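**Q** Model the following, please.
(one chain, ligands or ions: 3)
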Amino acid sequence: IISPSSNHTFYSHKSFPKSSMTSSPKSISDPHSIDSTLLQNLVHDSLVWSSLHGLVVGDRNVERSGLVPGVGLVHAPIALLPNSFPEVQWNQACELAPIFNELVDRVSLDGKFLQDTLSRTKKVDVFTSRLLDIHSQMLQIGKKEDIRLGLHRSDYMLDEKTNLLLQIELNTISCSFSGLGCLVSKLHRSLLSHYGKPLGLDSQKVPINDSASKFADALAKAWTEYSNPSAVVMVVVQPGERNMYDQHWLSSTLKERYPFSHNPELINTHNVTSIRKTLAEIDAQGKILSDGTLQVDGETVAVIYFRAGYAPTDYPSESEWKARLLIEESSAIKCPSISYHLTGTKKVQQELAKPSVLERFLENKDDIAKLRKCFAGLWSLDDSDAVKNAIQEPGAYVMKPQREGGGNNIYGDDVKETLLRLQKEGSEEEAAYILMQRIFPTVFPTVLVRDGICYKEHAVSELGIFSAYLRNKDMVISNEQCGYLMRTKVSSSNEGGVAAGFAVLDSLYLT
Ligand SMILES: Nc1ncnc2c1ncn2[C@@H]1O[C@H](COP(=O)(O)OP(=O)(O)O)[C@@H](O)[C@H]1O
Ligand SMILES: N[C@H](CCC(=O)N[C@@H](CS)C(=O)NCCC(=O)O)C(=O)O
Ligand SMILES: [Mg+2]
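**A** Ligands and ions are numbered 1, 2, ... in the order given. You can find the predicted model right below:
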């Protein structure tokens, strides 16, 4: 079963050969030296734990796994043990969460800034252009969103050379893994509470992660602000969704947790029901009443939570765009609104990194300094010096289109080829991209478990901090960090991405 040549080992509980090795790792940074019997027990227990606790995804080998719940489940790809992470940068990442929330809200209110920042992208990127059209239609009718809900995730990498915590991006739409991320922390705490001794590790060093309940709380509070007990939360989903359990964790927490919430003002609310609809279904079944109320399939919608609609592939026809517009025109609480969605684009990220731009949106000098400290190098392709440097040293840069969902970035020599092509064509297409400093996190040995097979790999990690912002007119009801997601991917992979099949779900071990 354990072929010494490859480091791929298939486990089934019956066939764990006794191992002669008895060495235990020096510390968490050396999981490759874990005694093989101990390793097999860890893997076995993690697979059982994941299956029993809903740390699962749809199996891409089972075609109905994204369509029918309970069919074709497989444990989520995970790192067997948490990745060590310095406490100082952990605290820094947590502290940034409410500041980024406030920034997003302020920027989202500046319609002109959003339209101007994206005006040249609009000419060359049809998808972004369609989003901007909806945004400008809302500006024209003077649409106001009094109640605003943001469920964000700010992703960071720890740059090995400088030890700086640098932001990769700020996601303001369809942030995945608030449902599953917290389960990985629970899994790791459970494994370390059983095997801490032989591993020489302390389960208390894995920070408590309440991402699912915090996001469900924020959705429930927004639902309460809408003040219609018979209204529902509508989750906008893709027609096939293998990550549905990550989404169901939020919906089932909403349904089961309320009205038995510890939160006094929610204690006697009706249970919060969620419905799942695709954009096409919303176009077919949705309508707006004279008072702006959105009704879909006869249900009044209080909150619209997007887990689709962030990529061009989510709009295969005009029907989906009509649904997006209907949602924006309604009085339902959007998560995110079109303004929050546009505020999370990479072009806006790059614009906000320019000198004195943050000062347009925030007053507190300390907060501004804290944000700036985590900005990596970000340039538009108008910056001829940056373009020249990137052509000379393409490996030090990442080129990004205005896309979400993974798999869209340009790395290495492709950066050089693309820049030279754009220069030769002299087209406006340059405005579709941004240039970003490539961040090189520490490569560390780890053990990944995917489809019941454990792999000893060398990997890099990316820390995502979830945060929620809920505001009703001048009152900020929530502005807090909501747990975290650690993603770990083999160091040879440029892109990463759990759904894309490169990264696994991880947690962190404070050092
Ligand atoms: N500046 C960077 N340095 C190193 N890796 C990066 C950088 N920017 C992105 N990546 C890698 O590419 C992945 C996707 O990039 P990201 O900006 O998050 O796009 P998306 O919105 O598609 O997730 C990240 O998860 C990370 O693995
Ligand atoms: N299937 C959809 C996926 C939604 C999605 O791709 N979200 C982006 C931010 S926009 C994201 O969080 N990417 C990190 C997840 C990864 O690493 O695979 C869902 O789960 O609702
Ligand atoms: Mg990303």
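**Q** can you tell me the residue of the stretch 51-200 of the chain closest to ligand 1?
**A** residue 169 (4.0 Å; Cβ to the nearest ligand atom). Heads up, the C-betas are built off the backbone N, CA and C, glycines and all.
**Q** In this structure, which strand is the longest?
**A** strand 453-472 (DSSP state E).
**Q** elements contacting that one?
**A** The contact analysis (3 or more Cβ pairs under 8 Å, 6 or more residues apart in numbering; DSSP states H and E) places strand 453-472 against strand 8-10, strand 83-85, helix 87-108, strand 147-158, helix 178-199, helix 211-226, strand 444-450, strand 475-490.
**Q** What pairs with the fourth one, parallel or antiparallel?
**A** Each strand paired with strand 147-158, and its direction, by DSSP bridges: strand 165-171 (antiparallel), strand 453-472 (antiparallel).
**Q** thinking again about what came up before, considering the helices and strands packed on strand 453-472, which stretch scores lowest in mean pLDDT?
**A** In terms of mean pLDDT, the lowest-scoring of these is strand 8-10 (a mean of 48).
**Q** could I get the next helix or strand after that strand in CSV with only the CA atoms?
**A** Using DSSP states H and E, the next helix or strand after strand 8-10 towards the C-terminus is helix 36-52. Only the C-alpha atoms of helix 36-52 are listed here, as CSV (Å, rounded to 0.1, in the frame of the first residue of the first chain):
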residue,chain,number,x,y,z
SER,A,36,4.1,6.4,9.6
THR,A,37,1.7,4.6,11.9
LEU,A,38,0.9,7.9,13.7
LEU,A,39,0.4,9.5,10.2
GLN,A,40,-2.0,6.8,9.1
ASN,A,41,-4.0,7.1,12.3
LEU,A,42,-4.2,10.9,11.8
VAL,A,43,-5.3,10.5,8.2
HIS,A,44,-7.8,7.9,9.1
ASP,A,45,-9.3,9.9,11.9
SER,A,46,-9.4,13.1,9.8
LEU,A,47,-11.3,11.3,7.1
VAL,A,48,-13.8,9.9,9.6
TRP,A,49,-14.2,13.3,11.3
SER,A,50,-14.7,15.2,8.1
SER,A,51,-17.4,12.7,6.9
LEU,A,52,-19.2,12.9,10.2
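**Q** Now do helix 36-52 against helix 178-199, angle only.
**A** Here helix 36-52 runs at an angle of 160 degrees relative to helix 178-199 (axes from the mean of the first three to the mean of the last three Cα atoms, to 10 degrees).
**Q** Could you identify the helix or strand that succeeds helix 36-52?
**A** By DSSP H and E, the next helix or strand past helix 36-52 is strand 56-58.
**Q** and the helix or strand just after that next one, which strands flank it?
**A** Helices and strands here follow DSSP H and E; after strand 56-58, the next one along the chain is strand 73-75. Partners of strand 73-75 in the sheet, by DSSP bridges, are strand 56-58 (antiparallel).
**Q** what does the strand it pairs with contact?
**A** Contact with strand 56-58 is made by 50, 65-66, 71-77, 180, 241-246, as judged by Cβ atoms under 8 Å, 6 or more residues apart in numbering.
**Q** so who does the closest residue in space to residue 415 that isn't next to it in sequence touch?
**A** Among residues not flanking residue 415 along the chain, residue 394 sits closest, at 4.0 Å (Cβ to Cβ, 6 or more residues apart in numbering). By Cβ under 8 Å, 6+ apart, residue 394 lies in contact with 412, 413, 414, 415, 416, 419.
**Q** Same check on residue 483?
**A** Going by Cβ under 8 Å, 6+ apart, residue 483 touches 178, 181, 182, 185, 209, 210, 211, 212, 214, 466.
**Q** burial measure for the closest residue to the residue of the stretch 51-200 of the chain closest to ligand 1 other than its chain neighbours, as a count.
**A** Distance criterion Cβ to Cβ, 6+ apart; nearest residue to residue 169, sequence neighbours excluded, is residue 155 at 5.5 Å. As a burial measure, residue 155 scores 19 neighbours (other Cβ atoms under 10 Å).
**Q** again with residue 302
**A** 27.
**Q** in which helix or strand would I find it?
**A** Secondary structure from DSSP H and E places residue 302 in strand 299-306.
**Q** what's the nearest residue to residue 375 if we skip its chain neighbours?
**A** residue 353 (4.7 Å).
**Q** So which bits of this protein are right by ligand 1?
**A** Proximity of the chain to ligand 1, by Cβ under 6 Å from any ligand atom, involves residues 155, 168-169, 376, 398, 400, 403-406, 408-409, 436-439, 462, 495-496.
**Q** Now do the contacts for the residue sitting nearest the centre point of the chain.
**A** The chain has residue 175 as the residue nearest its centroid, 3.6 Å off, counting by Cα atoms, centre = their mean. By Cβ under 8 Å, 6+ apart, the contact set of residue 175 is 151, 152, 153, 464, 466.
**Q** returning to what we had before: output the helices and strands packed on strand 453-472 in a markdown table, with distance to ligand 2 appended to each entry.
**A** Shown next, in a markdown table, are those (distance: least, Cβ to the nearest ligand atom, whole Å):
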| stretch | distance to ligand 2 |
| --- | --- |
| strand 8-10 | 23 |
| strand 83-85 | 15 |
| helix 87-108 | 14 |
| strand 147-158 | 6 |
| helix 178-199 | 9 |
| helix 211-226 | 12 |
| strand 444-450 | 13 |
| strand 475-490 | 6 |
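**Q** Could you tell me which of the contacts of residue 394 count as buried?
**A** 415, 416, 419 (16 or more other Cβ atoms under 10 Å).
**Q** Sticking with the second one, tell me its helix or strand.
**A** Right, residue 416. Counting by DSSP H and E, residue 416 is part of helix 413-425.
**Q** list the helices and strands that helix packs on?
**A** Secondary-structure packing of helix 413-425 (3+ Cβ pairs under 8 Å, 6+ apart): helix 384-392, strand 397-401, strand 433-437.
**Q** TSV for those, including mean pLDDT?
**A** TSV is the format used below for the helices and strands packed on helix 413-425 (pLDDT from 0 to 100):
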stretch	mean pLDDT
helix 384-392	98
strand 397-401	98
strand 433-437	98
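**Q** The ones you listed: which one's closest to residue 109?
**A** Among those, the nearest to residue 109 by Cβ to Cβ is strand 433-437 (22.9 Å).
**Q** circling back: drop anything exposed from the residues of the chain next to ligand 1.
**A** Using 16+ other Cβ under 10 Å as the burial test, those include 155, 168-169, 376, 398, 400, 403-406, 409, 436-439, 462, 496 as buried.
**Q** What pLDDT does the model give the closest residue to residue 374 other than its chain neighbours?
**A** Leaving aside its sequence neighbours, residue 374 sits nearest to residue 167 (Cβ to Cβ, 6+ apart; 4.8 Å). Note on residue 167: pLDDT of 98.
**Q** show me what contacts residue 167?
**A** Residue 167 touches 154, 155, 156, 374, 375, 376, counting by Cβ under 8 Å, 6+ apart.
**Q** same check, this time on residue 349
**A** The contact partners of residue 349, taken as Cβ under 8 Å, 6+ apart, are 169, 170, 378, 434.
**Q** In those, which residue is surrounded by the most others?
**A** For the contacts of residue 349, neighbours were counted by other Cβ under 10 Å; the highest total belongs to residue 434, with 26 neighbours.
**Q** any idea how far it lies from residue 289?
**A** Note on residue 434: its distance to residue 289, by Cβ to Cβ, to the nearest Å, is 41 Å.
**Q** Can you tell me the SS state at the residue of the chain found nearest ligand 1?
**A** Taking Cβ to the nearest ligand atom, ligand 1 has its nearest neighbour within the chain at residue 496, 3.2 Å off. Following DSSP: H, G, I helix; E, B strand; the rest coil, we place residue 496 in the coil state.
**Q** Settle this for me: residue 371 is touching residue 96, isn't it.
**A** Yes: the criterion here is Cβ atoms under 8 Å, and residue 371 meets it with residue 96 at 6.9 Å.
**Q** Those two - which one has more neighbours?
**A** A count of neighbours by other Cβ under 10 Å puts residue 96 above the other of residue 371 and residue 96, at 24 against 18.
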